[in-house]
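Asker: pasting the sequence and the predicted coordinates here, then a few questions.
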Amino acid sequence: MRCSALPLGSLVLFLFLWQLLAVSGTWSETLVPPPAKVWRAFIDVSTTHDGVRGYNGTYLVEHLGISLRRIAFGAGLGIAAGVVFGLLMGTVGWVRSLFEPWITFLRTLPPLAYFSLLIIWLGINEEPKITLLAVAAFPPVAVSTTTAVAAVPKALTEAARALGASRWDVVRDVVIPSALPETLTGVRLAVGVAYSSLVAAELVNGLPGIGGMVKDAANYNNTPVVLVGIIAIGISGLIIDGLLLRLERAVVPWRGRT
């Protein structure tokens, strides 16, 4: 009971401090709108008001749904590629030597560093957005899977080979189950990185989309709508991470046990 009350208490304290700051007059409402104004903006972008449907003709839930589909597709591609490359790099030495420096290089680049290049190559439609999210999600999974595969005890693989298991049998029955916990951690990190890249992915032609909504509202100093979008991104991100954590506990229930 006490643990569940702490987040609620912190939320109440945050809203109180927010309201106090908004009415203090230190900054204008354009910079720090009060919570009530943000709530009204949430109602406006979620309903039809004055003949206008949501924001830019699209409801908030639809903006969010379109962005989540982009993340699912883009991050899904990056995660799948990361798992495959991680398995290869963890089991084949020359593959790791060849690709690991490039993956490290890619991991250090912020998304905006190559998004403009993707627009030049792929245009301004869905392709650069999906590609950006895939590229952002790829390195965390590849690195975590590589590390996990390389850390599988040799005694386990040698024992399997001694019992007549083929190379594929060893990978399927020994390596993959042993590496699965760290791989799932990499998946959670990848989804987080892709989610944090969402606004960058929707900077150009991002409407409809939650990141595009935030960017468009910022162009008009519509701070309440910007905050609505940021809060929606944060809450949906928490929900997705919680679902992934539940999946991880279901797939590898032994993790964390002594």
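Answerer: Cool, got the structure.
Asker: spatially nearest residue to residue 144 (excluding sequence neighbours)?
Answerer: Excluding its sequence neighbours, the residue lying closest to residue 144 (Cβ to Cβ, 6 or more residues apart in numbering) is residue 186, at 2.9 Å. Heads up, the C-betas are built off the backbone N, CA and C, glycines and all.
Asker: okay, and that neighbour sits in which element?
Answerer: Secondary structure assignment for residue 186, by DSSP states H and E: helix 176-196.
Asker: packing partners for the next helix or strand after that helix?
Answerer: Heading C-terminal from helix 176-196, the first helix or strand you meet, by DSSP H and E, is helix 198-201. Helices and strands touching helix 198-201, by 3 or more Cβ pairs under 8 Å, 6 or more residues apart in numbering; DSSP states H and E, are helix 60-91, helix 111-122, helix 126-150, helix 210-219.
Asker: check the offset of helix 198-201 from the chain's centre.
Answerer: Remark: helix 198-201 is offset 11 Å from the chain centroid, using Cα atoms, centre = their mean, to the nearest Å.
Asker: same check on stretch 150-162?
Answerer: Taking Cα atoms, centre = their mean, one finds the center of stretch 150-162 at 34 Å from the center of the full chain.
Asker: stretch 49-68 too?
Answerer: Distance, centroid of stretch 49-68 to centroid of chain: 22 Å (Cα atoms, centre = their mean).
Asker: and it, what's buried?
Answerer: 54-55, 58-60, 62-68 (16 or more other Cβ atoms under 10 Å).
Asker: check stretch 211-223 too.
Answerer: Residues of stretch 211-223 classed as buried: 211-217, 222-223 (neighbour count, 16+ other Cβ under 10 Å).
Asker: need these in CSV with distance to residue 122, can you?
Answerer: Converted to CSV, the buried residues of stretch 211-223 look like this (distance: Cβ to Cβ, whole Å):
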residue, distance to residue 122
211, 17
212, 17
213, 22
214, 22
215, 19
216, 22
217, 26
222, 29
223, 32
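Asker: residue ranges in this structure under the pLDDT threshold?
Answerer: For the chain, the stretches with pLDDT under 70 are 1-4, 254-258.
Asker: run the last query once more with 50
Answerer: 258 (pLDDT under 50).
Asker: follow-up on the earlier one: which residues are contacting the helix holding residue 186?
Answerer: 71, 74-75, 78-79, 82-83, 86-87, 90, 133, 136-138, 140-145, 147-149, 151-153, 156, 233, 237, 240-241, 244-245, 247-248, 251-252, 255 (Cβ atoms under 8 Å, 6 or more residues apart in numbering).
Asker: next, the angle helix 111-122 makes with that helix.
Answerer: Orientation note: helix 176-196 sits at an angle of 90 degrees relative to helix 111-122 (axes from the mean of the first three to the mean of the last three Cα atoms, to 10 degrees).
Asker: hey, C-alpha coordinates of helix 176-196 in CSV?
Answerer: Output of helix 176-196 as CSV, limited to C-alpha atoms (Å, rounded to 0.1, in the frame of the first residue of the first chain):
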residue,chain,number,x,y,z
ILE,A,176,20.0,-18.9,-27.6
PRO,A,177,18.4,-19.9,-24.2
SER,A,178,21.5,-18.7,-22.3
ALA,A,179,21.6,-15.4,-24.2
LEU,A,180,17.9,-14.7,-24.0
PRO,A,181,17.8,-12.7,-20.8
GLU,A,182,20.4,-10.2,-22.0
THR,A,183,18.8,-10.1,-25.4
LEU,A,184,15.5,-9.2,-24.0
THR,A,185,17.2,-6.4,-22.0
GLY,A,186,18.6,-5.2,-25.2
VAL,A,187,15.1,-5.2,-26.8
ARG,A,188,13.8,-3.0,-24.0
LEU,A,189,16.7,-0.6,-24.5
ALA,A,190,16.1,-0.6,-28.2
VAL,A,191,12.5,0.2,-27.9
GLY,A,192,13.4,3.0,-25.5
VAL,A,193,16.0,4.4,-27.9
ALA,A,194,13.5,4.2,-30.8
TYR,A,195,10.8,5.9,-28.7
SER,A,196,13.2,8.7,-27.8
